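*Asks:* Okay, predicted coordinates and the sequence, questions at the end:
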Amino acid sequence: PAFRPLQEEIIRSVCAGKDTLGLMPTGGGKSITFQVPALAMDGICLVITPLIALMRDQVDNLRRVGIKATAVYSGMSHQEIAGELENCVSGQNKFLYVSPERIATGLFREKLQAMNVCLLVVDESHCISQWGYDFRPSYLHIADIREQLPSVPVLALTATATPEVVDDIQGRLLFQEKNVFRKSFVRPNLAYIVRRTEDKLGTLAYILGKVPGTAIVYARNRKLTKEVAIFLQQSGISADFFHAGLSREEKAIRQSRWKNNECRVIVATNAFGMGIDKSDVRFVIHYNMPKDLESYYQEAGRAGRDGAPSSCILLYSGQDVRTNEFLITHSEPREDLDPRTAEQLRERDLQRLRQMTGYCRTRRCLRQYILHYFGEHAPDTCSACYNCLHNFEEVDVSRDAKAIVACIAKTGQHFGVGVIAETLCGADTERVRKYHMDREDTYGALGQLTQKEVQERIRFLLDQGVLELSPGQYPVLRLTERAEDVMYGESALQMKTLRE
């Protein structure tokens with residue numbers, strides 16, 4: 001069979017001894033890009049990955065076809081680890097999978113020195129970047145491994161990375177020169193849909209009852225997976241739940257029933273789906289809004305791997321934003337981070353949450369929104385997502401935009417969306433009186449609109465890059481360079497709004 005897009009190019013790069021970064025969306029066939037070249041090389045291939053379930057799965061698959069492979073991860077005894085590493089030193093294995101926590105230990109470093117390593121593979125390589133959405137300090141030790149094995153090429157792999165993270169990965173992994181292979185983030189068979197609803201259970205049952213097909217429903221926590229699955233069962237829909245708290249045997253049974261189409265819908269926490277090869281998932285539905293677009297894209301990408309039309313549906317409510325903000329700002333301090341780094345990551349998590357919230361609220365093409373986030377150009381319409389197919393009309397908001405920009409500028413760029421909207425509407429609220437906003441000449445400038453309509457226009461200007469939100473727990477609106485064009489330019493600003 002032929003290689004999938006990008007696989008052959010990455011394999012050729014690795015075989016030429018070049019440090020290589022491969023960006024391949026979920027389902028792109030990442031494992032082939034290191035298994036094929038490693039089999040053609042003399043020595044052992046070292047694969048660093050944080051996903052223990054994926055390790056076991058790949059080791060089992062390799063052994064099934066007669067290739068010797070092993071894995072070392074947290075939870076194994078010292079004696080077990082020492083034995084497996086010794087087998088690698090003596091050349092009994094072709095592939096060694098190891099968790100990032102293991103590579104810093106003295107035992108591993110000692111045994112590594114004696115191994116004939118031909119290729120270093122870093123899976124989920126975005127974890128090495130503090131700009132990434134899942135930074136793991138244990139990944140920083142990989143640079144030490146590179147110094148210990150200076151002549152061994154590295155292959156870094158990830159499904160999702162912004163341009164900033166792409167540069168950071170190559171720097172932290174000590175690439176000799178930049179060398180990136182990108183597969184387009186476009187999945188043309190996927191339709192992206194955001195449904196704003198306060199009755200998520202009812203909406204979910206309606207969707208699954210109306211259209212056939214296998215589905216994954218992602219829920220925020222273990223308790224919710226069970227509650228949602230029971231509700232679906234009571235609604236006559238074949239469903240079960242899955243989370244890390246189940247026994248290994250129970251997980252295997254439920255996963256097998258779902259894979260074999262004995263159970264139609266699996267309601268799970270976000271770890272479900274990693275390394276699971278089921279190509280005919282017709283729906284991936286997020287019951288709760290994720291904290292960032294990287295997570296959303298990766299999880300939604302488990303739909304339609306067979307290329308058939310499939311849907312990625314996000315059920316959104318305003319409570320999702322408040323819950324995620326609370327979880328980010330009140331999360332337990334990570335013991336592996338110093339206070340300064342922890343605070344920087346919290347700020348970045350809040351910024352990513354704002355981007356995710358923007359996706360749920362935008363009237364732009366949803367596919368374009370995702371692609372722009374990952375640094376890829378996209379047309380204004382995909383003719384497939386909810387926003388492109390829905391009944392919108394374009395409204396000229398040029399005058400409203402000028403009033404919003406003027407209000408923000410004249411009040412010193414010190415206030416958030418709520419206060420600015422109340423001021424422009426001429427609202428008589430405690431906040432307006434407290435900050436004397438009723439004395440501003442922009443007070444009531446958009447009195448013909450409701451606060452919700454003004455907020456919608458502010459979000460549109462954020463989406464267009466005219467405004468930006470400051471970092472921090474209490475973001476304020478700031479003007480960008482584009483604000484001057486809005487204030488003094490002649491071109492009209494057209495905003496999509498739902499047709500009455």
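*Replies:* Here it is on my side, so go on.
*Asks:* got the CA positions of whichever strand or helix holds I216 in CSV?
*Replies:* I216 belongs to strand 214-218 when assigned by DSSP states H and E. Presented in CSV, the C-alpha positions along strand 214-218 are these (Å, rounded to 0.1, in the frame of the first residue of the first chain):
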residue,chain,number,x,y,z
THR,A,214,-21.0,5.8,15.9
ALA,A,215,-20.2,8.6,18.3
ILE,A,216,-17.7,9.7,20.9
VAL,A,217,-19.2,12.2,23.5
TYR,A,218,-16.5,14.0,25.5
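*Asks:* Give the pairing partners of it; include direction for each.
*Replies:* Sheet pairing for strand 214-218, assigned by DSSP bridges, gives strand 265-268 (parallel), strand 281-286 (parallel).
*Asks:* Just the mean pLDDT for it, thanks.
*Replies:* For strand 214-218, the mean pLDDT works out to 96.
*Asks:* repeat for stretch 479-499
*Replies:* Per-residue confidence for stretch 479-499 averages out to 86 on the pLDDT scale.
*Asks:* So for that stretch, what gets flagged as buried?
*Replies:* Neighbour-count burial for stretch 479-499, with 16 or more other C-beta atoms under 10 Å as criterion, is recorded at 479, 482-483, 486, 493, 495-497. Quick note: C-beta positions are derived from backbone N, CA and C, even for glycine.
*Asks:* any chance of those in CSV, with distance to R364 too?
*Replies:* Output for the buried residues of stretch 479-499, formatted as CSV (distance: C-beta to C-beta, whole Å):
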residue, distance to R364
L479, 21
R482, 16
A483, 19
V486, 17
L493, 13
M495, 10
K496, 8
T497, 13
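*Asks:* can you tell me which of the residues you listed are in strands?
*Replies:* Among these, the ones falling in strands (DSSP state E) are 479, 495-497.
*Asks:* Let me have these in a markdown table, adding distance to P137 as columns.
*Replies:* As requested, these are arranged in a markdown table below (distance: C-beta to C-beta, whole Å):
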| residue | distance to P137 |
| --- | --- |
| L479 | 37 |
| M495 | 43 |
| K496 | 43 |
| T497 | 46 |
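*Asks:* pLDDT score for the residue lying farthest from the centre of the chain?
*Replies:* Most distant residue from the mean C-alpha position of the chain: R439, 44.0 Å away (C-alpha atoms, centre = their mean). In the predicted model, R439 carries a pLDDT score of 94.
*Asks:* State the distance from it to Q355.
*Replies:* Taking C-beta to C-beta, to the nearest Å as the criterion, R439 is separated from Q355 by 35 Å.
*Asks:* Please apply the same query to I128.
*Replies:* Counting by C-beta to C-beta, the gap from I128 to Q355 is 21 Å.
*Asks:* model confidence over stretch 309-323, on average?
*Replies:* Across stretch 309-323, the average pLDDT comes to 93.
*Asks:* what's the answer for stretch 338-347, then?
*Replies:* Throughout stretch 338-347, pLDDT has a mean value of 85.
*Asks:* roughly how far is that stretch from the heart of the chain?
*Replies:* Stretch 338-347 has its C-alpha centroid displaced from the chain centroid by 20 Å (C-alpha atoms, centre = their mean, to the nearest Å).
*Asks:* In PDB, list the C-alpha atoms belonging to that stretch.
*Replies:* Only the C-alpha atoms of stretch 338-347 are listed here, as PDB (Å, rounded to 0.1, in the frame of the first residue of the first chain):
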ATOM      1  CA  ASP A 338       8.400  27.100  40.100                       C
ATOM      2  CA  PRO A 339       5.900  29.800  41.000                       C
ATOM      3  CA  ARG A 340       7.000  32.200  38.200                       C
ATOM      4  CA  THR A 341       6.600  29.500  35.500                       C
ATOM      5  CA  ALA A 342       3.300  28.400  37.000                       C
ATOM      6  CA  GLU A 343       2.000  32.000  36.700                       C
ATOM      7  CA  GLN A 344       3.200  32.400  33.100                       C
ATOM      8  CA  LEU A 345       1.400  29.200  32.200                       C
ATOM      9  CA  ARG A 346      -1.800  30.300  33.900                       C
ATOM     10  CA  GLU A 347      -1.700  33.500  31.800                       C
END
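*Asks:* Give me the pLDDT value at G273.
*Replies:* Confidence at G273, expressed as pLDDT, is 66.
*Asks:* again with M41
*Replies:* 96.
*Asks:* Pretty sure it sits in a helix.
*Replies:* No. According to DSSP: H, G, I helix; E, B strand; the rest coil, M41 belongs to no helix; its state is coil.
*Asks:* contacting residues around it?
*Replies:* In this structure, M41 makes contact with 118-119, judged by C-beta atoms under 8 Å, 6 or more residues apart in numbering.
*Asks:* go on, R109?
*Replies:* Going by C-beta under 8 Å, 6+ apart, R109 touches 103, 148.
*Asks:* Which strands and helices lie in contact with the helix or strand harbouring E394?
*Replies:* When secondary structure is defined using DSSP H and E, the element that contains E394 is strand 392-396. Contacts of strand 392-396 with other secondary structure elements, assessed using 3 or more C-beta pairs under 8 Å, 6 or more residues apart in numbering; DSSP states H and E, are made with strand 494-498.
*Asks:* The strand it packs on pairs with which strands?
*Replies:* In the sheet, strand 494-498 lines up against strand 392-396 (antiparallel) (DSSP bridges).
*Asks:* CA atoms only: put the partner strand into CSV for me.
*Replies:* C-alpha atoms of strand 392-396 as CSV (Å, rounded to 0.1, in the frame of the first residue of the first chain):
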residue,chain,number,x,y,z
PHE,A,392,-27.1,34.7,8.5
GLU,A,393,-27.3,38.1,7.0
GLU,A,394,-24.6,40.8,6.8
VAL,A,395,-25.1,44.0,8.7
ASP,A,396,-23.0,47.2,8.3
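*Asks:* rewinding a little: how distant is the very next helix or strand once past the strand holding I216 from the center of its chain?
*Replies:* Stepping forward along the backbone from strand 214-218, the first helix or strand reached (DSSP H and E) is helix 222-234. A distance of 24 Å separates the C-alpha centroid of helix 222-234 from that of its chain, computed with C-alpha atoms, centre = their mean.
*Asks:* Strands of the stretch 151-300 of the chain, start to end?
*Replies:* Taking DSSP state E, counting those that start in this stretch as the criterion, the stretch 151-300 of the chain contains strands spanning 154-158, 180-182, 190-196, 214-218, 239-242, 265-268, 281-286.
*Asks:* Reformat these into CSV and put distance to K94 and mean neighbour count next to each item.
*Replies:* What follows is the strands of the stretch 151-300 of the chain, written out as CSV (distance: least, C-beta to C-beta, whole Å; neighbours: other C-beta atoms under 10 Å):
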stretch, distance to K94, mean neighbour count
strand 154-158, 15, 26
strand 180-182, 24, 17
strand 190-196, 36, 20
strand 214-218, 33, 25
strand 239-242, 32, 24
strand 265-268, 33, 26
strand 281-286, 32, 23
